[in-house]
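In: just to be clear, the model below is a prediction. Sequence and coordinates:
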There are 2 protein chains.
Amino acid sequence: MPEGGRTTRVPLVERVLEANDEIAADNRVELERRGIFSVDLIGAPGSGKTALLESTLRALQGRRRPAVLVGDLATRRDGDRLARWCDQVVQISTGQGCHLEAGQVRDALGQIDLDGVDLLFIENVGNLICPVGFDLGQAAKVGLFSLTEGADKAAKHPYLVQAADLLLLNKIDLWPHLSFDRSIFEADVRLLNPRVPLLDVSATTGQGLDAWIAWLER
Amino acid sequence: MPEGGRTTRVPLVERVLEANDEIAADNRVELERRGIFSVDLIGAPGSGKTALLESTLRALQGRRRPAVLVGDLATRRDGDRLARWCDQVVQISTGQGCHLEAGQVRDALGQIDLDGVDLLFIENVGNLICPVGFDLGQAAKVGLFSLTEGADKAAKHPYLVQAADLLLLNKIDLWPHLSFDRSIFEADVRLLNPRVPLLDVSATTGQGLDAWIAWLER
């Protein structure tokens, strides 16, 4: 969000956020009425959001009926990857937009046969900052960090950590090749959000995915 | 940047950008007048911006007189890391701001003794999207990607690739442990920005840093 010109900017940003929140509330009512559990997945570019969803969709085959909305500035690459594992995938192109908004989610939901869905993944644009402020109507916000980003990322992105209902720490298969101090990462998480579950996973090897799947199905 | 409410939003965003650009132009005049070469370093969270600057400052010791401005939502950790290698470091806390703006750079420059400086690094907030649209008055924009983010990141972040005067591909020391197809990454870069130099580096091992230092000193 632009930071300059604060005195003229804030009222407009508040109007944008209020309009977003109204649509998000509608999305939430509709998803809950249909018994669809929905997750807004937020992580940095390259943190492994799409890889995690690929593994997750594979694990859920025959057990759940998922749909996926996936946001990117450009390209259909993530949507194409996910469509191999799920027949209800909508790619949302945001252009220069740095996050998804509730209206985009509402419009994308209109392209899905929701009667056949009980689980909705919303893969947000790769960005640890802007997506946090925009409610989409999801049931849960999941923050995805990865080992390769370094142990300081929870402290540097406090708003995501505070807002998250679950945190995932991905790419633990690369641990032998990195100097990542998990105790620093977890201590920062605990300062910001004492009770949020924190699960270690590897989307590549499948390590730790059982706990994530169990959380989804809880 | 908020995407909703487009009809009311655009004029305000344009006013914010115009105000930013005016200050950026002043910054540019001042930096050029003083013969300071300035770099705006843009990369994802965890791409290795601070690690690259640590290695760079170490390599430049006794050869150049650098200063560093470093932006983060929260914490002074990057500034503290860089202060070990450079006595002119200013940490800019952006709060919820997803990018640096020219006014923040102007104010931070006011905290530095510019008479003793010939090279200015501006480490932007970890974000591949929002920083691209805000001129800071820098001489060059440098985009930093890392191997661990995956080979699709140039295509997914076309505005950074198009705007960049130099692209760095970091963490090449991890190549043996990843499936990163450099030909895909480079092909996407070339489609977007045919002539931008693209240098492979490892901030950790120092591999490839000579070419980066040579580019800085050119």
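Out: Sure, I can see it. Numbers count the residues shown, from 1 in each chain, chains lettered A, B, ... in the order given.
In: now for the closest residue to A:Arg84 other than its chain neighbours: which residues touch it?
Out: Closest residue to A:Arg84 apart from its sequence neighbours, by C-beta to C-beta, 6 or more residues apart in numbering or on different chains: A:Glu54 at 7.6 Å. In this view, the C-beta of every residue, glycine as well, is placed from N, C-alpha and C. A:Glu54 sits next to A:81-82, A:84-85, A:203 when contact means C-beta atoms under 8 Å, 6 or more residues apart in numbering or on different chains.
In: check A:Asp118 too.
Out: A:Asp118 is in contact with A:35-37, A:64-66, counting by C-beta under 8 Å, 6+ apart.
In: in CSV: the residues you listed, plus neighbour count, distance to B:Lys171 and secondary structure.
Out: Output for the contacts of A:Asp118, formatted as CSV (neighbours: other C-beta atoms under 10 Å in any protein chain shown; distance: C-beta to C-beta, whole Å; DSSP: H, G, I helix; E, B strand; the rest coil):
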residue, neighbour count, distance to B:Lys171, secondary structure
A:Gly35, 9, 43, coil
A:Ile36, 19, 38, coil
A:Phe37, 19, 36, strand
A:Arg64, 16, 35, coil
A:Arg65, 15, 38, coil
A:Pro66, 26, 32, strand
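In: angles on the backbone of A:Gly110, please.
Out: phi -70, psi -20 (degrees, to the nearest 10).
In: same check, this time on A:Thr56
Out: The phi/psi pair for A:Thr56 (degrees, to the nearest 10) is phi -70, psi -50.
In: surely it and A:Ile213 touch.
Out: Yes - with contacts counted by C-beta atoms under 8 Å, A:Thr56 reaches A:Ile213, the gap being 6.9 Å.
In: could you list the low-confidence segments of chain A?
Out: Within chain A, the stretches with pLDDT under 70 are A:1-10.
In: centroid residue for it?
Out: A:Leu41 (0.8 Å; C-alpha atoms, centre = their mean).
In: what helices and strands are in contact with the strand or helix carrying that one?
Out: Element membership for A:Leu41, per DSSP states H and E: strand A:37-43. Taking 3 or more C-beta pairs under 8 Å, 6 or more residues apart in numbering or on different chains; DSSP states H and E as the contact definition, the neighbouring helices and strands of strand A:37-43 are helix A:49-60, strand A:119-123, strand A:140-146.
In: could you rerun that using 7 Å?
Out: Applying 3 or more C-beta pairs under 7 Å, 6 or more residues apart in numbering or on different chains; DSSP states H and E, we find strand A:37-43 packed against strand A:119-123, strand A:140-146.
In: ok, the first one: who's next to it in the sheet?
Out: When you say that, I think you mean strand A:119-123. Paired strands of strand A:119-123, with direction, are strand A:37-43 (parallel), strand A:66-72 (parallel) (DSSP bridges).
In: go through chain A and flag its longest helix.
Out: Secondary structure of chain A per DSSP state H: the longest helix is helix A:6-33.
In: now do the buried residues in that one.
Out: For helix A:6-33, burial by neighbour count (16 or more other C-beta atoms under 10 Å in any protein chain shown) applies to A:9, A:12-13, A:16-17, A:19-20, A:23-24, A:27-28, A:31.
In: now that helix and helix B:6-33, what's the angle there?
Out: Angle between the axes of helix A:6-33 and helix B:6-33 is 130 degrees (criterion: axes from the mean of the first three to the mean of the last three C-alpha atoms, to 10 degrees).
In: who does helix A:6-33 touch, helix- and strand-wise?
Out: Using 3+ C-beta pairs under 7 Å, 6+ apart, the elements in contact with helix A:6-33 are helix A:102-109, helix B:6-33.
In: hang on, the earlier thing: Throw the helices and strands packed on strand A:37-43 into TSV and include distance to A:Ile184 and mean neighbour count, thanks.
Out: Formatted as TSV, these follow (distance: least, C-beta to C-beta, whole Å; neighbours: other C-beta atoms under 10 Å in any protein chain shown):
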stretch	distance to A:Ile184	mean neighbour count
strand A:119-123	28	26
strand A:140-146	12	25
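In: how about these in CSV, adding distance to B:Pro194?
Out: Output for the helices and strands packed on strand A:37-43, formatted as CSV (distance: least, C-beta to C-beta, whole Å):
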stretch, distance to B:Pro194
strand A:119-123, 31
strand A:140-146, 31
